[in-house]
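**Student:** quick one: sequence and predicted model below, then my questions.
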Amino acid sequence: MSEVLVIGAGAVGLATAEGLLRTGAAVTVLERGGVGREASWAGGGILSPLCPWDYPEEVTRLALHSMALFEPWAQCLHYETGIDPEYDHCGMRVLPPFDLELARQWCVAHGVVCLPLPDEITSDLPACGLSRLASSSIRGTKGEGEALFLPAVAQVRNPRLLQAMRAQVLRLGGRIVEQCVVERIVANGGRVTGLQTARGIFSAEDYVVTAGAWSKVLLGEHALQADIKPIRGQMLLFKFAAPPLPHILLQSDLYFIPRRDGHLLVGSTVEDVGFDKSTTMEARAMLLRRAVALLPALRDRLIVKHWAGLRPGSPANIPTIGRHPVLPNLYLNSGHFRYGVTMAPASVEVLLNEMNGTPQPFDVSPYRWC
C-alpha cells in the first residue's frame, strides 16, 4: 500500500484524499489551520463558472466534466456520511449586460441547455421583490436586454460539503492533522524525502500539494512555473423566512445564491491584496448598493455576516494538476481560482490518472506542471 501526504484540507485537498483512499493508499492530510476554513468555505458554492462563455476552453472543459460528476458524488457523500451537502439543481439566471449571441453559440457548442424563464417562476417574480429593471430583464422585455436561464447549473452548501468530505476521509481511514504548517519541502537525490513542519518531519512515498492560495509559497524553490497567488473575495449574508429567489441570479460579477433555509449570499469582490483576508467597509458598501439595486427587499434587511476568503488565483483561471517536472513523487492540484469546489471531482480524476498512468478523459496538457 502506498503512502501519500496531501498538503491542504480544502475541497480539492479532501477530494484528493478521498480519491487516493479509494485506490487503497494510506493518506495523511496536513492542514495549516482548520479543515475547510479557507477559500472552499468562503465561496458561494455555485457549481459553474459564472459566465462560462467568458472563460478559456481549458476552464470550461474541466468545469463541465466536473459538473457532470458532482451530483452522484454529493449523493454518495450524503449516503455514506449522513451529512447533506445540500446539492440543489436550482438553475442560474444571467442578467444583461452580456453578449447574448456569444452565450447562445457557446451553449450550443457545449451541449448546455439555455431557456426562457419558466412561466411558473416568472409569475412569482413580484413576490421576490426584484427591481423593475431586474424583473423586466428576466422576462426579456424589449429595450431592457434579455436574460438567459441555465437550468443545469446547481449549487452546493459548501460548509456542509466540507463537513461531509472531512467525515468521508476519516471514514475511509485517512488521517487529518490540523494546525500543521509546512515550513519546507525537503528534497534529496531528485525526490522529495519529507516535509519539515511546525510539528516535526512527515514522510511518505508521494506528496500532493493542494494548499490553495498558499501553494506557491509552500513550494518555494520547487514552484517553478506554477503561478498561484491569493485573490481576496468578500461576501455578504442575509436571512429571509423563505428563499427570496427561486434560483441563482447573476449580473456581471454580482451574484445572489438562495439557500433552502432562507439565507441569501451576495458576492463578490476580486482583489489582488496579497494574504490580507480582512473585510473592508468599501466592499461592504459596494456590494450592498449593487445588491439593493437589483433586490430592493434588501434595503432594510440586516447583514447577518460579512467575510472574506483568499482564492488561489492563476493565469486565465487555469489550474495546475499533475506531476512536478523534476521531482517525480511531488504533485500539484491547485490554482483553481474561484472554482475549486466546482472542479474538485474532475481535478481528482485527472490527478489520479496522472499518478496511476491511466488514460485521461480529455486533453489535460493545459493543466500540466511544466
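**Tutor:** That came through, no problem.

**Student:** distance of Glu282 relative to Val364?
**Tutor:** Noted for Glu282: a distance of 40 Å to Val364, by Cβ to Cβ, to the nearest Å. Yep, even glycine has a C-beta here, placed from its N, CA and C like the rest.

**Student:** so where is the stretch 51-200 of the chain shaky, pLDDT-wise?
**Tutor:** Along the stretch 51-200 of the chain, segments meeting pLDDT under 70 span 117-145.

**Student:** where along it do the strands fall?
**Tutor:** With DSSP state E, counting those that start in this stretch as the criterion, the stretch 51-200 of the chain has strands at 92-95, 148-150, 175-177, 182-188, 191-197, 200-202.

**Student:** I'd like the ones you listed laid out as TSV, including mean neighbour count and distance to Trp53.
**Tutor:** What follows is these, written out as TSV (neighbours: other Cβ atoms under 10 Å; distance: least, Cβ to Cβ, whole Å):
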stretch	mean neighbour count	distance to Trp53
strand 92-95	24	10
strand 148-150	20	10
strand 175-177	15	38
strand 182-188	16	38
strand 191-197	18	40
strand 200-202	13	43
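
**Student:** doesn't Gly24 make contact with Asn356?
**Tutor:** No - contact criterion Cβ atoms under 8 Å: Asn356 and Gly24 do not qualify, at 11.1 Å.

**Student:** contacts only, for the nearest residue to Ile176 once chain neighbours are set aside.
**Tutor:** Nearest non-adjacent residue to Ile176, counting by Cβ to Cβ, 6 or more residues apart in numbering: Val29, 4.7 Å away. Applying Cβ atoms under 8 Å, 6 or more residues apart in numbering, we find Val29 in contact with 5-9, 13-14, 17, 35, 169, 174-177.

**Student:** quick check: Val29 is in a strand.
**Tutor:** Yes - using DSSP: H, G, I helix; E, B strand; the rest coil, the assignment for Val29 is a strand.

**Student:** for it, list each beta-bridge partner.
**Tutor:** Val6, Ile176 (DSSP bridges).

**Student:** quick one: it from Cys114, how far?
**Tutor:** From Val29 over to Cys114 (counting by Cβ to Cβ), the distance is 39 Å.

**Student:** show me where the stretch 101-250 of the chain has helices.
**Tutor:** Secondary structure of the stretch 101-250 of the chain by DSSP state H, counting those that start in this stretch: the helices cover 119-122, 125-128, 132-139, 158-171, 215-219.

**Student:** which residues touch the lengthiest helix in the chain?
**Tutor:** Criterion DSSP state H: the longest helix present in the chain is helix 57-81. Residues from elsewhere that reach helix 57-81 (Cβ under 8 Å, 6+ apart): 47-49, 52, 55, 83-85, 87, 89, 110, 112, 152, 154, 156, 161, 164-165, 167-168, 171, 316-319, 339, 342-347, 349-350, 361-362, 366-367.
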